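Peer 1: please find the sequence and the predicted model below.
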Amino acid sequence: MYKTVFNKRESFKFKHFSRKGYALFACLGREVLVGTLSVATLTYAKADGVSVRTDIAGARVVDSVRTVMLDGVDVTASRAPLAGGRVPRIVTVLGRDEIAAAPAQSVNDLLKYAVGVDVRQRGPIGAQTDISIRGGTSEHIAVLLDGVNICDPQTGHNAFDLPVSVDDIERIEVVEGPAGRVFGTSSLLGAVNIVTRKADGNGGSVRAAGGSFGYAGAGAHFSLKSDRWGNRVSGGYTRSDGYSRSKAGHLNADYEGWRAFYKGGYADEGLNVGWHAGVSVKGWGSNTFYSTLSDEQYERTSKYYTAVQAETTVGKFHLRPSVYWNRFLDRFEFYRGAPDRSPFNYHRTDVMGLNLGGWLDWVLGRTAFGAETRNEDIISTTLGEPLATPKPVHGTDRSYTVGLNRTNLSLYLEHNVVWRGLTVSAGFTAVRNTQSEMPFKIYPGIDASYAFTGVFKVYASLNTSLRMPSFTELYYSVDGHKADKHLKPEEMTALEAGVRYAPCGVVATLSVYRHWGRNMIDWIMDTSLGTDAVWTSVNHAKINSTGVEANAKLDLLSLVPGQNVLRTFGVAYSYIDQNQRREEGVQSLYALEYLRHKVVARLGVSPVPCLNLDVSYRYQHRVGSYTDTAGVNRAYSPYSLVDARLSWDKPRYSVYVEANNIFSADYVDYGNVPQPGLWVMAGASWSFSL
């Protein structure tokens, strides 16, 4: 179980290097506190090394790394660990306790409660969801699994087809704003890292659930752990009839999927090694997800993930290599089960990556550096250039006839300095991609914070990043779409400043940011063309954004002592305004639609011991419009949603009932894809030891 450590300030002796000339903290004497730079926490974060504070609606925000003894304990939870819990940038974290209490059945649902994240849901139970940050699109974020980049270069729509369930997740970390020097390409407006649970003993658990619209799910996990070795394996299955039917009366929002995941690890006095392998297979009725020309679209994906990571843990020089391979298979049916009306689209994408990084202590501080090469290869029936030799599509009489291969090379360098209350982290990434034949281009960034007291801190950052166009944006020219294979990479520059105030029992933050986007990519339609109008991929010249985020969280157990009923209360607000050129009659599919206002609130209470009730509220007001099936242009309407989860929790078992959209509000996240009303689910889990 994940245990939160709040503002812990114990001191430990820095035994190994305190008397050496190269010691980073030699000037501080023999007793120091060790923290990590939160901007890099995503890459190598570990549950036993991160201390967090709680953000709105139970979302926790990284504040400092738990104080630990360096002798024999791994504290390299980021690219460059820093002294004193200095944090120049905030990372929002949904911890294990919040995940267990949330009325959510998927990662997609969990992210709804992070105020800076826009979750545009098309299907239930995370069937198909576009997730974006700070007014961007689903293409603008880097998605990581245990620190490994699993972004799908074909399309961002299926980026969260994960091999893990919510029960497998230790925490979810969200970095908002460009993070190019840490993650290279893909992290145009941020990153999401899903950190999975390690083997926590010898035993396992089983679970089962059922609910509205024919929902059913089951899963299990099993783990074995010794002094140096740990192994954990899990699997699960979910399905639903969906909540809508096509005009012909057929199911068109149904869902079925299964997943399996294995995670292993080895650790000794000088080396940590971790590895994982996973698979996710699912199919879902796609309604009118991508076009109103068909209300019986269907999609099926199969995704395979493998990775090995290692880290040396002694000496002044630490090395962190990793290698990974991911394969993504996609079949899209514009007319479900009717290839004669529109041939099915088949895609197979292979991504291979090799990363070599590390950090070094020397007289002027701590320097992190690394390089990554990432090869992205697709063969397809619709995306890419003609293949010299067509390749058969397994299980069909079709062949992959087109494809594309590109390689991205990233080099990064980051230096960190701590002086009194000031922390500064600065660096850059240099990127080159073979597809666009671009030379190495440098994207710098700097984060800084200053702690005036133990409860008040200010921070500021200036960061840049880029993103290469997806294969779909470059080549999808069927079923009412026309792509441009000459699209330029998107680029982003962001300036951010904020304050944090955290006296006992209260945590409050305020952030203000300004983004300058260049060559932003979107699909647009010129509605003045009438029936001849098609969705076209284009580079917008510029899209600039200004935003404000405010969070306040109350720990009611400490603020109101002597009672155990009221646990937590939080509220958060996000505001975004984009300055973009809009042409009369031009409709945007993604980039010009964003959440201008978002409010999230959550209350946690325990009426009696073991009985926990968590109630969440969300208000969203989206900018943009869509053309309905009758040809009428409609603006998005604001809406409010209330979700709740009631659970009876014991050490060995848990029984729960949860409800989403309790008041059956009518709303859409995407035009012409109405969302379900009240959805009720109930389930139970039981754990055992060996």
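Peer 2: Arrived safely, thanks for sending.
Peer 1: now tell me which helix or strand of this structure has the poorest mean pLDDT.
Peer 2: Least confident helix or strand, the chain: strand 34-36 with a mean of 33, by mean pLDDT, DSSP states H and E.
Peer 1: do a quick rundown of the strands in the stretch 351-500 of the chain.
Peer 2: Here the stretch 351-500 of the chain has its strands, by DSSP state E, counting those that start in this stretch, at 365-380, 385-392, 399-419, 422-433, 441-451, 456-467, 481-482, 490-501.
Peer 1: dump those strands to CSV, plus distance to Tyr656 and mean pLDDT.
Peer 2: Quick note: C-beta positions are derived from backbone N, CA and C, even for glycine. Formatted as CSV, the strands of the stretch 351-500 of the chain follow (distance: least, C-beta to C-beta, whole Å; pLDDT from 0 to 100):
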stretch, distance to Tyr656, mean pLDDT
strand 365-380, 40, 93
strand 385-392, 47, 96
strand 399-419, 43, 93
strand 422-433, 41, 91
strand 441-451, 39, 92
strand 456-467, 38, 93
strand 481-482, 42, 84
strand 490-501, 34, 94
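Peer 1: possible to save the ones you listed as TSV with distance to Asp254?
Peer 2: Supplementary listing: the strands of the stretch 351-500 of the chain in TSV, determined by distance: least, C-beta to C-beta, whole Å:
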stretch	distance to Asp254
strand 365-380	26
strand 385-392	29
strand 399-419	28
strand 422-433	39
strand 441-451	43
strand 456-467	33
strand 481-482	25
strand 490-501	35
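Peer 1: Serialize those to CSV and add fields for mean neighbour count and distance to Arg171.
Peer 2: As requested, these are exported to CSV (neighbours: other C-beta atoms under 10 Å; distance: least, C-beta to C-beta, whole Å):
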stretch, mean neighbour count, distance to Arg171
strand 365-380, 21, 22
strand 385-392, 11, 40
strand 399-419, 19, 23
strand 422-433, 21, 22
strand 441-451, 19, 21
strand 456-467, 21, 22
strand 481-482, 16, 38
strand 490-501, 20, 20
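Peer 1: Leu251: which of these is closest?
Peer 2: strand 481-482 (25.2 Å; C-beta to C-beta).
Peer 1: parallel or antiparallel, list what pairs with that closest one.
Peer 2: Sheet pairing of strand 481-482 (DSSP bridges) gives strand 535-555 (parallel).
Peer 1: avg pLDDT for the partner strand?
Peer 2: The pLDDT scores in strand 535-555 average 90.
Peer 1: and it, how far out from the chain middle?
Peer 2: 16 Å (C-alpha atoms, centre = their mean, to the nearest Å).
Peer 1: just the CA atoms of that strand, as PDB, please.
Peer 2: C-alpha atoms of strand 535-555 as PDB (Å, rounded to 0.1, in the frame of the first residue of the first chain):
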ATOM      1  CA  TRP A 535     -11.600  17.300 -42.800                       C
ATOM      2  CA  THR A 536      -8.100  18.500 -43.700                       C
ATOM      3  CA  SER A 537      -5.000  18.300 -41.600                       C
ATOM      4  CA  VAL A 538      -3.200  21.700 -41.500                       C
ATOM      5  CA  ASN A 539      -0.600  23.600 -39.600                       C
ATOM      6  CA  HIS A 540      -2.100  26.600 -37.800                       C
ATOM      7  CA  ALA A 541       0.400  29.500 -37.900                       C
ATOM      8  CA  LYS A 542       0.200  30.300 -34.100                       C
ATOM      9  CA  ILE A 543      -2.000  29.400 -31.100                       C
ATOM     10  CA  ASN A 544      -1.200  31.300 -27.900                       C
ATOM     11  CA  SER A 545      -2.700  30.400 -24.500                       C
ATOM     12  CA  THR A 546      -3.000  32.100 -21.200                       C
ATOM     13  CA  GLY A 547      -4.100  30.100 -18.200                       C
ATOM     14  CA  VAL A 548      -4.600  30.200 -14.400                       C
ATOM     15  CA  GLU A 549      -4.800  27.200 -12.000                       C
ATOM     16  CA  ALA A 550      -5.800  27.500  -8.400                       C
ATOM     17  CA  ASN A 551      -5.900  24.600  -5.900                       C
ATOM     18  CA  ALA A 552      -6.800  24.300  -2.200                       C
ATOM     19  CA  LYS A 553      -6.900  21.200  -0.100                       C
ATOM     20  CA  LEU A 554      -8.000  20.800   3.500                       C
ATOM     21  CA  ASP A 555      -6.900  17.900   5.700                       C
END
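Peer 1: now do that strand and strand 490-501, the angle between them.
Peer 2: Put simply, strand 535-555 runs at 10 degrees to strand 490-501, going by axes from the mean of the first three to the mean of the last three C-alpha atoms, to 10 degrees.
Peer 1: quick one: buried residues of stretch 638-645?
Peer 2: Judged by neighbour count (16 or more other C-beta atoms under 10 Å), stretch 638-645 contains these buried residues: 639, 641-645.
Peer 1: do stretch 521-539 as well
Peer 2: 521-526, 533, 535-539.
Peer 1: what bridges to the closest residue in space to Thr396 that isn't next to it in sequence?
Peer 2: The shortest distance from Thr396 to any non-neighbouring residue, by C-beta to C-beta, 6 or more residues apart in numbering, is to Tyr346 (7.3 Å). Counting by DSSP bridges, Tyr346 is bridged to Arg331.
Peer 1: which ones are touching Tyr346?
Peer 2: 330-331, 380-381, 393, 396, 398, 400 (C-beta atoms under 8 Å, 6 or more residues apart in numbering).
Peer 1: how about a cut-off of 7 Å?
Peer 2: By C-beta atoms under 7 Å, 6 or more residues apart in numbering, the contact set of Tyr346 is 331, 380-381, 393, 398, 400.
Peer 1: per-residue pLDDT, it?
Peer 2: On pLDDT, Tyr346 comes in at 97.
Peer 1: and Ile131, which of the strands of the stretch 351-500 of the chain is closest to it?
Peer 2: With C-beta to C-beta as the measure, strand 456-467 is the member of the strands of the stretch 351-500 of the chain nearest Ile131 (14.9 Å).
Peer 1: list the contacts for the closest residue to Phe663 other than its chain neighbours?
Peer 2: Closest residue to Phe663 apart from its sequence neighbours, by C-beta to C-beta, 6+ apart: Val642 at 6.0 Å. Neighbouring residues of Val642 by C-beta under 7 Å, 6+ apart: 615, 617, 662-663.
Peer 1: so Val642 is in which element?
Peer 2: Using DSSP states H and E, Val642 maps to strand 639-649.
Peer 1: could I get that strand in CSV with only the CA atoms?
Peer 2: Provided in CSV are the C-alpha atoms of strand 639-649 (Å, rounded to 0.1, in the frame of the first residue of the first chain):
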residue,chain,number,x,y,z
TYR,A,639,-22.3,20.8,-17.8
SER,A,640,-21.9,19.5,-14.3
LEU,A,641,-21.4,16.0,-13.1
VAL,A,642,-21.5,14.3,-9.7
ASP,A,643,-19.9,10.9,-9.1
ALA,A,644,-19.7,8.9,-5.8
ARG,A,645,-18.2,5.8,-4.4
LEU,A,646,-19.3,4.0,-1.2
SER,A,647,-17.1,1.2,0.1
TRP,A,648,-16.7,-1.1,3.1
ASP,A,649,-13.0,-1.7,3.4
